[in-house]
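Peer 1: A structural model of the following input is requested.
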Amino acid sequence: MENNQLDLFGPGEYRKPFVDLLNARFEEYAEFSSSAGAPSYPCLIFFAHKVSDAMSPSDNKWVVEQMIDIESPEMVRVVEKLVEQTVTIAPR
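Peer 2: This next block holds a predicted model:
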């Protein structure tokens, strides 16, 4: 991702702002509940609005519905796979 930023915007500090934003988002997402391993509807709405906020105003009319109905289920599958491959959860 840093290489993409360098290609698009030239030299600059891109890593720290990205990590800071990622940490902030993790804190925000940690406040939402889940059911059977799936994010709650308020979590999906939050996610969809964050994506919508990053889009141009002409695109954001359809973004929220697209994120909730189509992109979120795939995102959840990818994140679950990533977590399974990288994190060992010890039984309590």
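
Peer 1: so where's the chain uncertain?
Peer 2: Within the chain, the ranges that satisfy pLDDT under 70 run 59-60, 90-92.

Peer 1: name the SS class of the spatially most central residue of it, please.
Peer 2: The centre of the chain sits closest to Phe47, judged by C-alpha atoms, centre = their mean, with a distance of 6.4 Å. Secondary structure, DSSP: H, G, I helix; E, B strand; the rest coil: Phe47 is helix.

Peer 1: so it sits against Met67, correct?
Peer 2: Yes: counting by C-beta atoms under 8 Å, Met67 is a contact partner of Phe47 at 6.2 Å. C-beta here means a position set from N, CA and C on the backbone, and glycine is covered the same way.

Peer 1: what sits against the residue nearest to the centre of the chain?
Peer 2: Contacts for Phe47 (C-beta atoms under 8 Å, 6 or more residues apart in numbering) come out as Tyr29, Pro39, Met67, Ser72, Met75.

Peer 1: how does it look with 7 Å?
Peer 2: Met67, Ser72 (C-beta atoms under 7 Å, 6 or more residues apart in numbering).

Peer 1: please report how far it lies from Ala36.
Peer 2: The gap separating Phe47 from Ala36 is 18 Å, by C-beta to C-beta, to the nearest Å.

Peer 1: with Glu74 instead?
Peer 2: Glu74 is 17 Å from Ala36, by C-beta to C-beta.

Peer 1: cool, Asn3 as well?
Peer 2: 38 Å.

Peer 1: now do the domain split for the chain, please.
Peer 2: For the chain, automatic domain parsing gives the domain ranges 1-31, 37-92.

Peer 1: pick the most deeply packed of the ones you listed.
Peer 2: Of all the domains of the chain, domain 37-92 carries the top mean neighbour count, a mean of 12, counting by mean count of other C-beta atoms under 10 Å.

Peer 1: how far is that domain from where the chain is centred?
Peer 2: Distance, stretch centre to chain centre, for domain 37-92: 6 Å (C-alpha atoms, centre = their mean, to the nearest Å).
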